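Colleague: take a look and give me a structure for this.
(one chain, ligands or ions: 1)
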Amino acid sequence: MRDSLVPLLEESFTGIYLRHAKRTLGEVETVRVALIDGEPVGLAMLKALSKEAGYVYYIAVRPGFRGKGIGRRLLIDALDLFTSSGATEVYASVGEHNVESNALFLGQGFRKTDFGQVSKRYGTLKALSMYRSMLVVPGEVLLVKDSPTLPGPGSSSPSD
Ligand SMILES: CC(C)(COP(=O)(O)OP(=O)(O)OC[C@H]1O[C@@H](n2cnc3c(N)ncnc32)[C@H](O)[C@@H]1OP(=O)(O)O)[C@@H](O)C(=O)NCCC(=O)NCCS
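Modeller: The predicted structure follows:
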């Protein structure tokens, strides 16, 4: 099944990111797939970094299907999944200049964070190990969504 998702990655990533995305596809614990007429049009690769922290490795949508809310639905699905397994925050790293990707994550209430903030919360050793798993590289920013159960900005609360 996972092999059938390789073309989707080839349409979405290049160079070192493509190589890493392919390797991650073979290893990562959870892959969620968006299907249209039985064909994969989008995917999300997810990993629990610890009991309380989830990580979205990659989200990708086939070029012809972008801009229709599929990436958003995959991300909301990922947040639901992490919440139901007890996570209190979810991380993702995105290319600083990747407009679509930043729009996707910021739109769901993610905010920028950094190594200092992660080590303040988890301690330096654990933060280092988390960073190793997340493979944040230069040119990428680390994002976090605190408490995935909280609605993102723009959502109205019951008291509004
Ligand atoms: C990033 C990606 C997954 C988004 O998927 P998508 O299905 O097109 O996204 P959606 O249609 O669900 O849009 C999600 C949000 O991003 C915004 N967005 C999408 N494309 C945009 C663009 N080109 N410019 C500005 N905003 C954009 C949407 O308006 C939407 O905002 P909202 O949630 O606040 O309404 C897709 O562009 C992609 O596969 N890119 C290549 C792979 C990649 O870089 N992945 C991310 C890094 S892991």
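
Colleague: low-confidence ranges in the protein?
Modeller: 148-160 (pLDDT under 70).

Colleague: what segments of it are strands?
Modeller: All strands of the chain, identified by DSSP state E, fall at 30-36, 39-48, 53-61, 89-95, 111-113, 140-146.

Colleague: can you add distance to residue 67 and give those back as CSV?
Modeller: All C-beta atoms are positioned from the backbone trio N, CA, C, and that covers glycine. As requested, the strands of the chain are exported to CSV (distance: least, Cβ to Cβ, whole Å):
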stretch, distance to residue 67
strand 30-36, 14
strand 39-48, 12
strand 53-61, 9
strand 89-95, 17
strand 111-113, 24
strand 140-146, 21
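
Colleague: for the ligand, which of those is the nearest?
Modeller: Judged by Cβ to the nearest ligand atom, the one of those that comes nearest to the ligand is strand 53-61, at 3.9 Å.

Colleague: so what's the gap between that closest one and the chain middle?
Modeller: The chain centroid and the centroid of strand 53-61 are separated by 2 Å, computed with Cα atoms, centre = their mean, to the nearest Å.

Colleague: does it come close to the ligand?
Modeller: Yes. Strand 53-61 is in contact with the ligand by Cβ under 6 Å from any ligand atom, via 58, 59, 60, 61.

Colleague: which one among those residues gets closest to residue 83?
Modeller: Ranked by distance to residue 83 (Cβ to Cβ), the residues of strand 53-61 next to the ligand are led by residue 59 at 17.0 Å.

Colleague: mind naming the longest helix for the chain?
Modeller: helix 70-84 (DSSP state H).

Colleague: show me what it is in contact with.
Modeller: Identification of contacts with helix 70-84 by Cβ atoms under 8 Å, 6 or more residues apart in numbering yields 30, 32, 34, 41-44, 46, 48, 54, 56, 59, 61, 90, 100, 104-105, 107-108, 145, 148-149.

Colleague: so it versus strand 89-95, what angle?
Modeller: Helix 70-84 and strand 89-95 meet at an angle of 150 degrees, taking axes from the mean of the first three to the mean of the last three Cα atoms, to 10 degrees as the criterion.

Colleague: helix 70-84: how far from the chain's middle?
Modeller: 9 Å.

Colleague: so which bits of the protein are right by the ligand?
Modeller: By Cβ under 6 Å from any ligand atom, the residues of the chain that approach the ligand are 12, 58-61, 66-72, 94, 98-101, 103-104, 107.
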